[in-house]
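**Q** When you get a sec, could you give me coordinates for this:
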Amino acid sequence: MATHDQTDHVTESAEEVVGWETRLRYFLNSDFVRSSPYWGIPFVLMGIAVYGGIGYNLAISFTDYSGLGTPDYSSLDFEMYTQALSSDAFLAAAQNNLVLLVVFTTVCLILGLFLAVLLDHGIRFSEKFQTVYLLPMSLSFVVTAQLWLWMFNVESGILNLIVTTFGFAPVDWIGNPSVALAAVIFALVWQFSGYTMVVYLAGLQSIPDDQFEAARVDGASTIRTYLRIIVPQLKEASVSAAVVLMVFALKAFTFLYALVGRYRPPNGTDILATLMVRRAFKFGEWAYSAAIATMLLVMALGVIGPYLYYQHKQGSL
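**A** The predicted structure follows:
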């Protein structure tokens, strides 16, 4: 009897070994393993350069590192975070970020939708207008900033030439804190409204023409048709475009850096990204800047996270 039990045990062990060997062979022959030479190296490099950098930045933010020597990790605390949250410069930059995020995103969405409706409605030269509207988006932020820096020039800028033509005094668009942020938002809307127009235009062209015909038969006006029937169906386009615009509004460093100047004192246009770079490279406050960078990351995740959850609920992820 014992011999029979031992035989069954040996048989089961052999079957388990064969099963593990089969699963291992199947795993080694899977597409995941066979494609690893192609995605493995980029995955490791991205992990080191991106996520490793994020982790290192987070670690520095808990120290008092000034950019020289080796950070002291023996006493980690939240001093830089409390210092930032109690700083007037940080609060002013965060407020500008919020204004930029809300106003810039809202105006871009509304203007982009308006342009998309015009083009979808078949206005004359619509294809040429579409190219003209989208052209600013193809320019780099540095080129756009230099263009608007010339247009905002107090003495020879085209905007002040128009203003003085109507008898008004020239405006210091960049140097005056009361109008500088509005000037920046205006320039950014000029560059990004073409992007939102294309997103909305793609959404409009995916809506069947039968809905327009049915609304026209029912006696609905064109404006009422768009407001009640068409625009509610552009929810997906609105959400995706809004996320892109809000993320850019949080980190619009390149544009402001090129427009306002390298180390120019704050003039009402400071955002968290420009404050972070200035405090690191001009004042050597690397730990303080690392804390700002971490809070910027949290804010960006606060924008992207709900969008990813929404996409997951919709079955798109």
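**Q** For the rest of this, base every contact and every neighbour count on C-alpha atoms.
**A** OK.
**Q** ok, now how distant is the spatially most central residue of the chain from Ile304?
**A** For the chain, the residue sitting closest to the mean C-alpha position, by C-alpha atoms, centre = their mean, is Val247 at 2.3 Å. Shown here: Val247 relative to Ile304, a distance of 8 Å by C-alpha to C-alpha, to the nearest Å.
**Q** Kindly report the same for Ile48.
**A** The gap separating Ile48 from Ile304 is 22 Å, by C-alpha to C-alpha.
**Q** residue ranges of the helices in the stretch 201-317 of the chain, please?
**A** 209-217, 222-225, 235-250, 253-260, 272-281, 286-313 (DSSP state H, counting those that start in this stretch).
**Q** now for the shortest one, which elements pack on it?
**A** Helix 222-225 makes packing contacts with helix 209-217 when contacts are defined by 3 or more C-alpha pairs under 8 Å, 6 or more residues apart in numbering; DSSP states H and E.
**Q** buried stuff in the helix it packs on?
**A** If you call a residue buried by 16 or more other C-alpha atoms under 10 Å, then helix 209-217 has these buried ones: Phe212, Ala215.
**Q** burial count for Tyr226?
**A** Counted with other C-alpha atoms under 10 Å, residues neighbouring Tyr226 total 17.
**Q** worst-scoring helix or strand of the chain, pLDDT-wise?
**A** Within the chain, no helix or strand scores below helix 2-28, which has a mean of 59 by mean pLDDT, DSSP states H and E.
**Q** Show me what secondary structure element comes after that helix.
**A** For helix 2-28, the succeeding helix or strand toward the C-terminus, using DSSP states H and E, is helix 31-34.
**Q** Render the CA-only coordinates of that next one in CSV, please.
**A** Output in CSV follows, covering the C-alpha atoms of helix 31-34 (Å, rounded to 0.1, in the frame of the first residue of the first chain):
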residue,chain,number,x,y,z
ASP,A,31,5.6,37.5,-27.9
PHE,A,32,6.4,39.3,-24.6
VAL,A,33,9.8,37.6,-24.2
ARG,A,34,10.6,37.4,-27.9
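**Q** so how far is that helix off the chain centroid?
**A** The chain centroid and the centroid of helix 31-34 are separated by 33 Å, computed with C-alpha atoms, centre = their mean, to the nearest Å.
**Q** quick one, what contacts Ala249?
**A** Taking C-alpha atoms under 8 Å, 6 or more residues apart in numbering as the criterion, Ala249 is in contact with Asn97, Leu100, Leu101, Phe104, Thr105.
**Q** Now intersect those residues with the helices, please.
**A** With DSSP state H as the criterion, helices contain Asn97, Thr105 from among these.
**Q** Neighbour count: Ile48 and Ile304, which is higher?
**A** When neighbours are counted by other C-alpha under 10 Å, Ile48 and Ile304 differ, and Ile304 comes out ahead with 17 against 13.
**Q** residues contacting Ser238?
**A** The contact partners of Ser238, by C-alpha under 8 Å, 6+ apart, come to Leu109, Tyr200.
**Q** Please report the distance of it from Met246.
**A** Separation of Ser238 from Met246 (C-alpha to C-alpha): 12 Å.
**Q** my read: Thr294 touches Ala59, true?
**A** No. In terms of C-alpha atoms under 8 Å, Thr294 does not count as a neighbour of Ala59; the distance is 10.0 Å.
**Q** For stretch 88-108, buried residues please.
**A** Taking 16+ other C-alpha under 10 Å as the neighbour-count basis, stretch 88-108 is seen to contain the buried residues 89-90, 92-94, 96-101, 103-108.
**Q** Sorry, slip of the keys, the one I care about is stretch 223-234.
**A** So for stretch 223-234, counting by 16+ other C-alpha under 10 Å, buried means Thr225, Tyr226, Ile230, Val231, Leu234.
**Q** And for stretch 62-78?
**A** Phe62, Thr63, Asp64, Tyr65, Ser66.
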